[in-house]
Structure formats: C-alpha cells, structure tokens
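**Student:** Okay, structure incoming, though there's no sequence with it:
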Ligand SMILES: Nc1ncnc2c1ncn2[C@@H]1O[C@H](COP(=O)(O)OP(=O)(O)OP(=O)(O)O)[C@@H](O)[C@H]1O
C-alpha cells in the first residue's frame, strides 16, 4: 500500500470572492518521492505550499493531511517534522555560513554539533567562515536548504528551489536534493514552472493550472504521454529517395518534406542516423508532439 506524506483532498481556496485560486485540488505525495509540483506562473503552486505549511489558513476543515493525519489536529508541533523554504529564504548576509546555521540552531534548540554535519551535507564546509554575501546564488540556496534541514525533517517543501540560479547552481541544488532523498530518505515536495527541471529531478509529478490538478503520476506515467511524435525531415528533393523508403512509416508532405511518425522522442536519433547512412541529404528537422508540446497544450487552456 502506498503511504502518502502529504495529501490534499478536494482543497479549495480563494483570497476574495472573485475567483477560486484552488479548486478541488487532490494531491498525493508518496513517502520517499521527489514530487515535482509543476505549473505556469500564477497556477496556484505557492498558495498550495503556503496552505500546507500553515502560512495560510485552510478555509475548510480536514482537506490537508500530513503524515496521514489532518494538519489542523497536529498544529503546531507537526512543523518539527518538516523543513520548508516557501518565501525568499532569510539569510543574514553579513554573517558567515556557519553563523547563519548557528542562529537557527539556537532558535530551534538544536545542538551546535549538528551544524558541521549540515555544512558537510550541503557541501559548504570549506566556505563556512565566509560571509554569506560572498556566496554564489547556488551556495546561498544550499545554505538555506541546510537551515531547513537542521531539525532533521522527514519532509522538505521547497517553492521553486532553482528559480533564478545559474546553470551550475541549478545542477548543484538538483544533486543536493537527490542526495537528501537517496541517502537520508527525505521526501521532497518542490514546485517549478519548468518541465525540463522536473523531469531531471523528480520521481513523481503533479501538474496544476488555474488552481486545478490536470495530471498526477510517476515520471514513467508522464513519459507515456510522450507518445506519437511527428518528425518532418526537409530534403533537397524527396523524389530522389522514393526507392529507399521501404520499411518506414512515412508520408510525403510536399516536394521537399517527408513526415515520419515515431513512438517516442528516443527514436529520433536512430531515424536520423538511419537516413544519413542511406545518403539522405537532410536540410532540416522539425519535431511536433512529445512531452513539451503536450505540457504546453495542457497548461495553455484558459
Ligand atoms: N495575497 C494574495 N491576494 C490575492 N491574490 C493572490 C495573493 N497571492 C496570490 N494571489 C493570486 O493567486 C494566484 C495563484 O498564485 P500563486 O502564487 O499560488 O501561483 P504560483 O503557481 O505559485 O505562481 P508563481 O510562480 O508566479 O508564484 C495568482 O493569480 C495570484 O495573483
């Protein structure tokens, strides 16, 4: 049986009477997963995370469950089991990485011995004496995640953790999240507006648009949406290659374009290699369908 660390059951929320921000949102975040909460800007991701972490009050009772029990019954002690960064993390930039952690450790009554362990985990030991203002954005984010880890949470909730980071910073944070999940068994719930990021980091995904859940499943389930790609191959002259097209599922679109239908994106390199080996002179390749198009179509609907 699946055990869920976070569940919302028909969660609704509105800031005013004008419109619903969340509409019957039912999320299931399995224990041990890295769950990506994916949706365009304004979809309702932050609002959901703020509700789950008690930064906003639920407007119905018993629609949010953490560790199998309603959130309302477990307030406030439940937050000892959760680490989160929902709004921009507060770092004291004039303090060192170590002192930033020490400050939070003191507030949370965590022994100082824990600080070195966290610095190692987020790979900032070497830079612990440097002021946080000298850190790169990626290092600042890792320090913030370190602060969220001081109380040994079973669940980490991060709103857009790679937003605004440079490519190197993104890779570092992604690797850290995977390490925390794999080595420490921490379940991670992250939001993002980037499909590519969710694909690289997560084991499960929920897609939200306009406050409604449009898809939820494992990364494998998501991959199955990646069916039926059409690839247009632009050639010098289709006529020249007719005799070589036996065995391909192909349609001629015009005098220079052939259209191939493939089962998934992974078949594209194989097709192109095959054509090149058969001396096709390729001038262009246009791909339609696949996951990215599916996601754009799904979240485009108003
Ligand atoms: N305090 C508020 N008062 C009124 N409306 C709000 C408030 N906060 C957010 N909203 C609105 O709620 C909707 C959902 O916002 P939310 O921040 O949850 O989306 P999001 O998916 O996290 O997107 P983003 O990444 O842009 O923050 C948006 O239309 C936003 O304008």
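**Tutor:** That came through, no problem. The structure presented is a predicted model; accordingly, all values stated were derived computationally and were not measured.
**Student:** For the stretch 51-200 of the chain, give me the ranges with low pLDDT.
**Tutor:** The stretch 51-200 of the chain contains no residues with pLDDT under 70.
**Student:** how far away is residue 58 from residue 146?
**Tutor:** Distance from residue 58 to residue 146, counting by Cβ to Cβ, to the nearest Å: 30 Å. The C-beta positions use only the backbone N, C-alpha and C, and glycine is treated the same way.
**Student:** higher neighbour count, these two?
**Tutor:** Set side by side, residue 58 and residue 146 give different neighbour counts by other Cβ atoms under 10 Å, the larger being at residue 146 (24 against 18).
**Student:** elements contacting the helix or strand where the more buried one lies?
**Tutor:** Under the criterion DSSP states H and E, the helix or strand holding residue 146 is helix 137-149. Packed against helix 137-149, as judged by 3 or more Cβ pairs under 8 Å, 6 or more residues apart in numbering; DSSP states H and E, are the following elements: strand 82-85, helix 97-107, helix 113-121, strand 155-158, helix 167-184.
**Student:** Figure out which of those is closest to the ligand.
**Tutor:** With Cβ to the nearest ligand atom, the closest approach to the ligand among the helices and strands packed on helix 137-149 belongs to strand 155-158: 12.4 Å.
**Student:** neighbouring strands for that closest one, and are they parallel or not?
**Tutor:** Using DSSP bridges, the strands paired with strand 155-158 in its sheet are strand 82-85 (parallel), strand 187-192 (parallel).
**Student:** Would you format these as TSV with distance to residue 173 and mean neighbour count included?
**Tutor:** As requested, those are arranged in TSV below (distance: least, Cβ to Cβ, whole Å; neighbours: other Cβ atoms under 10 Å):
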stretch	distance to residue 173	mean neighbour count
strand 82-85	11	22
strand 187-192	10	25
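**Student:** Dump these to JSON lines, plus distance to residue 65.
**Tutor:** Shown next, in JSON lines, are those (distance: least, Cβ to Cβ, whole Å):
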{"stretch": "strand 82-85", "distance to residue 65": "13"}
{"stretch": "strand 187-192", "distance to residue 65": "13"}
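**Student:** In a markdown table: the ones you listed, plus distance to the ligand.
**Tutor:** Shown next, in a markdown table, are those (distance: least, Cβ to the nearest ligand atom, whole Å):
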| stretch | distance to the ligand |
| --- | --- |
| strand 82-85 | 13 |
| strand 187-192 | 6 |
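**Student:** among the helices and strands packed on helix 137-149, which is the most enclosed?
**Tutor:** With neighbours defined as mean count of other Cβ atoms under 10 Å, those peak in mean count at strand 155-158, which reaches a mean of 24.
**Student:** Would you tell me whether that one gets close to the ligand?
**Tutor:** No - Strand 155-158 lies out of reach of the ligand by Cβ under 6 Å from any ligand atom, never closer than 12.4 Å.
**Student:** ok, residues contacting that strand?
**Tutor:** Outside of strand 155-158, the residues that reach it under the criterion Cβ atoms under 8 Å, 6 or more residues apart in numbering are 5-6, 49, 52-53, 66-67, 81-86, 145, 148-149, 177, 180, 186-191.
**Student:** cool, and stretch 53-63?
**Tutor:** Applying Cβ under 8 Å, 6+ apart, the set of residues contacting stretch 53-63 from outside is 8-14, 47, 50-51, 64, 70-72, 75-76, 79, 82, 84, 86-87, 157.
**Student:** Return the set of buried residues in that stretch.
**Tutor:** By 16 or more other Cβ atoms under 10 Å, the buried positions in stretch 53-63 come out as 53-54, 56, 58, 63.
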